[in-house]
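Asker: Pasting a predicted model and its sequence here:
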Amino acid sequence: MAELNRLHFNEEASVYDSKHDKFNERVAKEIRARLDWIGVDWVSDDDDDDDDDDDYGDGENDKSNRDPSRPKKEVRLLDYACGTGGMSRALAPYTTQCIGIDISEKMVEVYNSRAENQGLSHDEMHAIVGDLLATTGELGSSAESHSPSLRVVEGAPSPRLFGFDVAAVGGGLHHLADPELASDRLVQRLRPGGVLLVWDFLLHGPLGDRDRDRDHGVLHHGLAEDRVRALFEHAGAGKGFDLVVVGSGVTRGRRCKHGHHHDHGGHGDGHGDGGDDNEENGDGEEEVLVRRQLFLARGEKY
Ligand SMILES: C[S@@+](CC[C@H](N)C(=O)[O-])C[C@H]1O[C@@H](n2cnc3c(N)ncnc32)[C@H](O)[C@@H]1O
(Lines give C-alpha, C1' and ligand atoms only; values in the text may rest on other atoms or scores of the structure.)
Protein backbone atom coordinates (compact mmCIF):
# COMPACT_ATOMS: atom_id res chain seq x y z
CA MET A 1 0.00 0.00 0.00
CA ALA A 2 2.75 2.38 0.92
CA GLU A 3 4.52 1.48 -2.32
CA LEU A 4 1.37 2.30 -4.32
CA ASN A 5 1.24 5.69 -2.64
CA ARG A 6 4.88 6.30 -3.43
CA LEU A 7 4.43 5.40 -7.09
CA HIS A 8 1.21 7.36 -7.46
CA PHE A 9 2.56 10.53 -5.87
CA ASN A 10 5.88 10.22 -7.70
CA GLU A 11 3.83 10.41 -10.89
CA GLU A 12 1.66 13.26 -9.60
CA ALA A 13 4.48 15.38 -8.18
CA SER A 14 5.13 17.57 -11.21
CA VAL A 15 1.45 18.42 -11.68
CA TYR A 16 0.24 18.25 -8.08
CA ASP A 17 0.45 21.97 -7.35
CA SER A 18 -1.21 23.09 -10.56
CA LYS A 19 -4.02 20.60 -9.97
CA HIS A 20 -4.62 21.50 -6.34
CA ASP A 21 -3.39 25.07 -5.89
CA LYS A 22 -6.84 26.57 -5.52
CA PHE A 23 -7.85 23.99 -2.95
CA ASN A 24 -4.58 24.29 -1.06
CA GLU A 25 -4.90 28.07 -0.92
CA ARG A 26 -8.37 27.68 0.52
CA VAL A 27 -7.14 25.22 3.15
CA ALA A 28 -4.27 27.55 4.03
CA LYS A 29 -6.76 30.38 4.51
CA GLU A 30 -8.93 28.26 6.80
CA ILE A 31 -5.88 27.27 8.85
CA ARG A 32 -4.58 30.81 9.15
CA ALA A 33 -8.01 31.98 10.25
CA ARG A 34 -7.75 29.55 13.19
CA LEU A 35 -4.26 30.13 14.57
CA ASP A 36 -5.61 30.79 18.08
CA TRP A 37 -7.86 27.74 17.89
CA ILE A 38 -4.89 25.56 16.88
CA GLY A 39 -3.35 26.80 20.08
CA VAL A 40 0.37 26.92 19.38
CA ASP A 41 2.43 29.77 20.79
CA TRP A 42 3.32 30.96 17.30
CA VAL A 43 6.11 33.35 16.50
CA SER A 44 4.91 36.84 15.76
CA ASP A 45 6.30 40.08 14.42
CA ASP A 46 7.03 41.08 18.01
CA ASP A 47 9.38 38.13 18.33
CA ASP A 48 11.20 39.32 15.19
CA ASP A 49 11.47 42.81 16.67
CA ASP A 50 13.16 41.26 19.69
CA ASP A 51 15.71 39.70 17.38
CA ASP A 52 16.31 42.99 15.62
CA ASP A 53 16.97 44.70 18.93
CA ASP A 54 19.24 41.91 20.06
CA ASP A 55 22.73 43.38 20.24
CA TYR A 56 24.13 40.73 22.54
CA GLY A 57 25.47 38.37 19.92
CA ASP A 58 27.01 38.21 16.48
CA GLY A 59 23.99 36.70 14.84
CA GLU A 60 21.04 34.49 15.37
CA ASN A 61 23.16 31.34 15.61
CA ASP A 62 25.41 32.81 18.28
CA LYS A 63 23.57 31.66 21.36
CA SER A 64 26.56 32.07 23.68
CA ASN A 65 26.16 35.80 24.22
CA ARG A 66 22.39 35.97 24.06
CA ASP A 67 20.59 37.37 27.06
CA PRO A 68 19.33 34.17 28.74
CA SER A 69 16.18 35.95 29.84
CA ARG A 70 15.35 36.39 26.18
CA PRO A 71 16.08 33.04 24.56
CA LYS A 72 15.35 32.87 20.87
CA LYS A 73 11.87 31.55 20.48
CA GLU A 74 11.56 28.45 18.36
CA VAL A 75 8.36 27.04 16.91
CA ARG A 76 9.05 23.81 15.06
CA LEU A 77 6.59 22.16 12.69
CA LEU A 78 6.68 18.55 11.56
CA ASP A 79 4.65 18.26 8.35
CA TYR A 80 3.91 14.58 7.82
CA ALA A 81 2.83 13.30 4.40
CA CYS A 82 3.93 16.80 3.45
CA GLY A 83 3.63 16.42 -0.29
CA THR A 84 4.78 19.62 -1.95
CA GLY A 85 4.42 21.49 1.35
CA GLY A 86 0.89 22.87 1.59
CA MET A 87 0.75 22.71 5.38
CA SER A 88 4.29 23.99 5.78
CA ARG A 89 3.64 27.01 3.61
CA ALA A 90 0.38 27.75 5.41
CA LEU A 91 2.15 27.84 8.77
CA ALA A 92 5.68 28.93 7.86
CA PRO A 93 5.11 32.62 8.73
CA TYR A 94 4.30 31.60 12.31
CA THR A 95 7.07 29.05 12.84
CA THR A 96 10.84 29.06 12.85
CA GLN A 97 11.36 25.67 11.25
CA CYS A 98 9.31 23.33 9.05
CA ILE A 99 10.44 19.77 8.44
CA GLY A 100 8.43 17.75 5.95
CA ILE A 101 8.39 13.98 5.68
CA ASP A 102 6.85 12.14 2.75
CA ILE A 103 7.07 8.69 1.28
CA SER A 104 7.35 10.03 -2.27
CA GLU A 105 10.82 11.23 -3.16
CA LYS A 106 9.41 13.25 -6.07
CA MET A 107 7.00 15.14 -3.79
CA VAL A 108 9.94 15.78 -1.46
CA GLU A 109 11.94 17.17 -4.39
CA VAL A 110 9.14 19.61 -5.24
CA TYR A 111 8.80 20.59 -1.55
CA ASN A 112 12.51 21.33 -1.35
CA SER A 113 12.77 23.22 -4.61
CA ARG A 114 9.78 25.38 -3.66
CA ALA A 115 11.41 26.13 -0.29
CA GLU A 116 14.70 27.04 -1.99
CA ASN A 117 12.91 29.19 -4.54
CA GLN A 118 11.30 31.08 -1.68
CA GLY A 119 14.79 31.84 -0.40
CA LEU A 120 14.41 29.71 2.71
CA SER A 121 17.43 28.03 4.24
CA HIS A 122 17.64 24.28 4.77
CA ASP A 123 17.20 24.88 8.49
CA GLU A 124 14.07 26.93 7.94
CA MET A 125 12.29 24.49 5.64
CA HIS A 126 13.21 21.17 4.15
CA ALA A 127 11.68 17.78 3.59
CA ILE A 128 13.06 14.29 3.80
CA VAL A 129 11.86 10.95 2.52
CA GLY A 130 10.35 8.80 5.23
CA ASP A 131 7.52 6.56 6.33
CA LEU A 132 6.40 6.38 9.96
CA LEU A 133 4.80 3.03 9.19
CA ALA A 134 7.98 1.51 7.81
CA THR A 135 9.29 -1.47 9.68
CA THR A 136 12.94 -0.51 9.52
CA GLY A 137 14.95 2.64 9.20
CA GLU A 138 15.13 5.72 11.33
CA LEU A 139 11.43 6.45 11.13
CA GLY A 140 10.37 2.85 11.33
CA SER A 141 10.26 0.35 14.12
CA SER A 142 11.15 -3.28 13.70
CA ALA A 143 8.54 -4.25 16.27
CA GLU A 144 5.50 -3.90 14.07
CA SER A 145 4.95 -4.87 10.50
CA HIS A 146 2.14 -2.80 9.02
CA SER A 147 3.71 -2.01 5.70
CA PRO A 148 6.86 -2.93 3.86
CA SER A 149 9.87 -0.94 4.81
CA LEU A 150 10.59 1.51 2.06
CA ARG A 151 12.76 4.35 3.02
CA VAL A 152 15.36 5.26 5.50
CA VAL A 153 15.57 8.93 6.30
CA GLU A 154 18.47 10.62 4.62
CA GLY A 155 20.49 13.27 6.42
CA ALA A 156 18.73 14.88 9.36
CA PRO A 157 20.12 13.68 12.67
CA SER A 158 17.35 12.12 14.71
CA PRO A 159 17.22 14.61 17.60
CA ARG A 160 15.99 17.14 15.08
CA LEU A 161 13.06 14.84 14.36
CA PHE A 162 11.72 15.05 17.91
CA GLY A 163 10.41 17.71 20.26
CA PHE A 164 8.19 19.45 17.72
CA ASP A 165 5.72 22.14 18.79
CA VAL A 166 3.23 21.10 16.16
CA ALA A 167 2.83 18.03 13.99
CA ALA A 168 0.52 18.41 11.00
CA VAL A 169 -0.94 15.95 8.54
CA GLY A 170 -2.74 17.58 5.63
CA GLY A 171 -4.82 15.22 3.51
CA GLY A 172 -2.51 12.39 4.43
CA LEU A 173 -4.38 10.19 6.89
CA HIS A 174 -6.73 8.74 4.27
CA HIS A 175 -3.67 7.56 2.35
CA LEU A 176 -2.15 5.64 5.25
CA ALA A 177 -2.68 1.94 5.86
CA ASP A 178 -2.82 2.55 9.60
CA PRO A 179 -3.67 6.17 10.46
CA GLU A 180 -3.85 5.27 14.16
CA LEU A 181 -0.32 3.85 14.30
CA ALA A 182 1.05 6.74 12.25
CA SER A 183 -0.59 9.21 14.66
CA ASP A 184 0.84 7.37 17.66
CA ARG A 185 4.29 7.65 16.17
CA LEU A 186 3.79 11.23 15.13
CA VAL A 187 2.74 12.30 18.61
CA GLN A 188 5.87 10.65 20.02
CA ARG A 189 7.72 13.34 18.09
CA LEU A 190 5.84 16.21 19.76
CA ARG A 191 7.03 17.89 22.91
CA PRO A 192 4.58 17.65 25.84
CA GLY A 193 1.96 20.31 25.16
CA GLY A 194 2.69 20.16 21.45
CA VAL A 195 -0.25 20.15 19.06
CA LEU A 196 -1.37 17.57 16.52
CA LEU A 197 -3.17 19.24 13.62
CA VAL A 198 -4.99 17.37 10.86
CA TRP A 199 -7.03 18.29 7.84
CA ASP A 200 -8.88 15.56 6.02
CA PHE A 201 -12.35 14.60 4.86
CA LEU A 202 -15.17 13.24 6.96
CA LEU A 203 -16.37 9.77 6.09
CA HIS A 204 -17.96 9.95 2.68
CA GLY A 205 -18.54 6.41 1.54
CA PRO A 206 -16.85 4.77 -1.42
CA LEU A 207 -16.05 6.87 -4.46
CA GLY A 208 -14.33 4.36 -6.63
CA ASP A 209 -13.89 0.67 -7.01
CA ARG A 210 -11.20 -0.78 -4.84
CA ASP A 211 -8.56 -1.26 -7.53
CA ARG A 212 -8.74 2.28 -8.80
CA ASP A 213 -8.67 3.74 -5.30
CA ARG A 214 -5.67 1.58 -4.51
CA ASP A 215 -3.90 2.92 -7.59
CA HIS A 216 -4.44 6.42 -6.20
CA GLY A 217 -3.25 5.38 -2.78
CA VAL A 218 -6.66 6.13 -1.26
CA LEU A 219 -7.09 3.67 1.60
CA HIS A 220 -9.96 5.31 3.51
CA HIS A 221 -12.96 7.18 2.20
CA GLY A 222 -12.55 9.87 4.77
CA LEU A 223 -12.60 9.41 8.52
CA ALA A 224 -15.57 9.51 10.87
CA GLU A 225 -15.39 12.17 13.57
CA ASP A 226 -15.45 9.51 16.32
CA ARG A 227 -12.51 7.77 14.71
CA VAL A 228 -10.52 11.00 14.54
CA ARG A 229 -11.26 11.73 18.19
CA ALA A 230 -10.24 8.20 19.21
CA LEU A 231 -7.09 8.46 17.12
CA PHE A 232 -6.06 11.67 18.90
CA GLU A 233 -6.87 10.14 22.29
CA HIS A 234 -4.97 6.94 21.58
CA ALA A 235 -1.96 8.85 20.33
CA GLY A 236 -1.93 10.88 23.56
CA ALA A 237 -2.94 14.16 21.93
CA GLY A 238 -6.58 14.27 23.03
CA LYS A 239 -6.23 17.23 25.35
CA GLY A 240 -8.55 19.99 24.16
CA PHE A 241 -9.50 17.93 21.11
CA ASP A 242 -11.70 19.75 18.67
CA LEU A 243 -12.87 19.08 15.15
CA VAL A 244 -14.45 21.68 12.94
CA VAL A 245 -15.93 21.25 9.49
CA VAL A 246 -14.54 24.15 7.50
CA GLY A 247 -16.22 23.56 4.18
CA SER A 248 -17.50 21.10 1.71
CA GLY A 249 -16.53 20.51 -1.85
CA VAL A 250 -16.97 18.16 -4.71
CA THR A 251 -14.66 15.64 -6.20
CA ARG A 252 -15.13 13.93 -9.53
CA GLY A 253 -15.73 10.24 -9.72
CA ARG A 254 -16.67 7.98 -12.59
CA ARG A 255 -19.44 5.51 -12.24
CA CYS A 256 -19.79 2.41 -14.40
CA LYS A 257 -23.22 1.49 -15.61
CA HIS A 258 -23.17 -1.36 -13.11
CA GLY A 259 -22.84 1.07 -10.30
CA HIS A 260 -19.14 1.36 -9.33
CA HIS A 261 -17.64 4.76 -8.70
CA HIS A 262 -14.10 5.58 -9.77
CA ASP A 263 -12.48 8.28 -7.71
CA HIS A 264 -10.09 10.48 -9.63
CA GLY A 265 -8.23 11.00 -6.41
CA GLY A 266 -8.54 14.76 -6.59
CA HIS A 267 -9.51 17.05 -3.78
CA GLY A 268 -12.31 18.77 -5.61
CA ASP A 269 -12.50 22.50 -5.20
CA GLY A 270 -12.98 22.34 -1.46
CA HIS A 271 -15.78 24.84 -1.40
CA GLY A 272 -17.55 24.58 -4.70
CA ASP A 273 -21.26 24.71 -5.01
CA GLY A 274 -21.43 21.69 -7.25
CA GLY A 275 -24.27 19.36 -6.60
CA ASP A 276 -24.72 15.83 -7.73
CA ASP A 277 -24.82 16.64 -11.42
CA ASN A 278 -23.81 13.64 -13.43
CA GLU A 279 -22.54 13.80 -16.99
CA GLU A 280 -22.47 11.05 -19.58
CA ASN A 281 -19.02 10.77 -21.14
CA GLY A 282 -19.87 8.39 -23.90
CA ASP A 283 -17.79 5.40 -22.86
CA GLY A 284 -20.37 3.61 -20.77
CA GLU A 285 -19.50 5.57 -17.66
CA GLU A 286 -20.91 8.69 -16.18
CA GLU A 287 -19.05 11.36 -14.30
CA VAL A 288 -20.29 11.80 -10.77
CA LEU A 289 -19.63 14.75 -8.52
CA VAL A 290 -19.38 13.60 -4.95
CA ARG A 291 -19.56 16.03 -2.06
CA ARG A 292 -17.00 15.76 0.70
CA GLN A 293 -16.70 17.67 3.97
CA LEU A 294 -13.34 19.07 4.88
CA PHE A 295 -12.42 19.14 8.56
CA LEU A 296 -9.66 20.51 10.72
CA ALA A 297 -8.88 18.75 13.99
CA ARG A 298 -6.49 19.68 16.76
CA GLY A 299 -5.46 18.29 20.14
CA GLU A 300 -2.58 18.70 22.55
CA LYS A 301 -0.12 16.13 23.78
CA TYR A 302 -0.69 15.37 27.46
C1 LIG B 1 -3.08 14.19 -0.78
S2 LIG B 1 -1.34 14.34 -0.58
C3 LIG B 1 -1.26 15.65 0.61
C4 LIG B 1 0.01 16.44 0.50
C5 LIG B 1 0.13 17.65 1.41
N6 LIG B 1 0.10 17.32 2.81
C7 LIG B 1 -0.88 18.72 1.11
O8 LIG B 1 -1.47 19.27 2.06
O9 LIG B 1 -1.06 19.07 -0.06
C10 LIG B 1 -0.92 12.90 0.37
C11 LIG B 1 0.57 12.72 0.59
O12 LIG B 1 0.76 11.62 1.47
C13 LIG B 1 1.96 10.97 1.12
N14 LIG B 1 1.98 9.63 1.71
C15 LIG B 1 1.21 8.58 1.41
N16 LIG B 1 1.51 7.53 2.20
C17 LIG B 1 2.52 7.93 3.02
C18 LIG B 1 3.26 7.31 4.07
N19 LIG B 1 3.05 6.05 4.43
N20 LIG B 1 4.21 8.03 4.69
C21 LIG B 1 4.45 9.32 4.33
N22 LIG B 1 3.78 9.95 3.36
C23 LIG B 1 2.82 9.28 2.71
C24 LIG B 1 1.92 10.99 -0.39
O25 LIG B 1 3.16 10.74 -0.99
C26 LIG B 1 1.37 12.40 -0.66
O27 LIG B 1 2.41 13.33 -0.82
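Answerer: Structure received.
Asker: Say whether the ligand is contacted by the lengthiest helix in the chain.
Answerer: Under DSSP state H, the helix in the chain containing the largest number of residues is helix 2-32. Yes - residues of helix 2-32 contacting the ligand under CB under 6 Å from any ligand atom: 2, 5, 9, 24. Glycine gets a C-beta too; all of them are placed from N, C-alpha and C.
Asker: Specify the beta-bridge partners of the closest residue to the ligand within the stretch 151-300 of the chain.
Answerer: Residue of the stretch 151-300 of the chain nearest the ligand, by CB to the nearest ligand atom: residue 170 (3.1 Å). On the basis of DSSP bridges, residue 170 is bridged to residue 199.
Asker: for the ligand, what are the nearby residues on the stretch 151-300 of the chain?
Answerer: Within the stretch 151-300 of the chain, the positions near the ligand by CB under 6 Å from any ligand atom are 170, 171, 172, 175, 176, 217.
Asker: Residue 133 in helix, strand or coil?
Answerer: On the three-state scheme (DSSP: H, G, I helix; E, B strand; the rest coil), residue 133 is labelled coil.
Asker: Would you list the phi and psi of it?
Answerer: Recorded main-chain torsions at residue 133 are phi -100, psi 0, according to degrees, to the nearest 10.
Asker: Which residue ranges of the stretch 151-300 of the chain form strands?
Answerer: Under the criterion DSSP state E, counting those that start in this stretch, the stretch 151-300 of the chain carries strands at the ranges 164-170, 190-201, 239-256, 261-263, 278-280, 285-300.
Asker: any idea of the pLDDT on residue 250?
Answerer: According to the prediction, residue 250 has pLDDT 82.
Asker: Same check on residue 291?
Answerer: Reading off the confidence values, residue 291 has pLDDT 87.
Asker: Does it touch residue 252 like I think?
Answerer: No - at 11.4 Å, residue 291 does not count as touching residue 252 under the criterion of CB atoms under 8 Å.
Asker: re earlier: how much space separates the residue of the stretch 151-300 of the chain closest to the ligand from residue 288?
Answerer: 25 Å (CB to CB, to the nearest Å).
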